[in-house]
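> Sequence and predicted model, in that order:
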Amino acid sequence: MEKASETVLALKPVTFHHKRQIDPKGTPQFGLVAEEVEKVNPDLITRDANGKPYTVRYDAVNAMLLNEFLKEHRTVQEQQKEIDVLKTELQEQGALIQKVSAQLATDESVRLADLN
């Protein structure tokens, strides 16, 4: 699973139609082309009796996708924690700016009153 990210990102999903003999309605199908998957990772395909790519091992692809999803989910959780910390800091800075602005306004009022 170490190189799952590279493998998953290199896969190119396609839309295709089975031959009319198999599916007369021509229902759109979604998947991967075994020959293309073989170039990315030969362990993700099965071969026919002649050794040619036959089909994609979707069970293995699904496990890799789950692994990638979990990694990304952890990343999102970590980023959310960082965002929450930054929001808190930003609110604190905003409150401090308001306090300093109010103090400056008070000081300015006092100075102007002293001048009059």
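Good, I have the coordinates. Numbers count the residues shown, from 1 in each chain.

> what is the mean pLDDT for the helix ranked longest in the chain?
Criterion DSSP state H: the longest helix present in the chain is helix 58-115. Helix 58-115 comes out with an average pLDDT of 93.

> Please compute how far it lies from its chain's middle.
21 Å (CA atoms, centre = their mean, to the nearest Å).

> Show me what that helix is packed up against.
helix 4-10 (3 or more CB pairs under 8 Å, 6 or more residues apart in numbering; DSSP states H and E). Where C-beta positions appear, they are placed from N, C-alpha and C, glycine not excepted.

> May I see the buried residues of the helix it packs on?
4, 7, 8 (16 or more other CB atoms under 10 Å).

> Same check on stretch 21-38?
32, 33, 34, 37, 38.

> how about the closest residue to residue 64 other than its chain neighbours, what does it touch?
Once flanking residues are discounted, residue 64 sits nearest to residue 4: 4.5 Å by CB to CB, 6 or more residues apart in numbering. Neighbouring residues of residue 4 by CB atoms under 8 Å, 6 or more residues apart in numbering: 64, 67, 68.

> Okay, residue 4 and residue 77: tell me how far apart.
Distance of residue 4 to residue 77, given as CB to CB, to the nearest Å: 19 Å.

> try residue 43
30 Å.

> From the centroid of this protein, which residue is nearest?
residue 72 (5.6 Å; CA atoms, centre = their mean).

> contacting residues around that one?
Residue 72 neighbours (CB under 8 Å, 6+ apart): none.

> circling back: return the subset of the buried residues of stretch 21-38 lying in helices.
34, 37, 38.

> give the contact list for residue 46.
Per CB under 8 Å, 6+ apart, neighbours of residue 46: 53, 54, 55, 57.

> need the contact list for the last one.
Right, the one you point to is residue 57. Per CB under 8 Å, 6+ apart, neighbours of residue 57: 43, 44, 45, 46.
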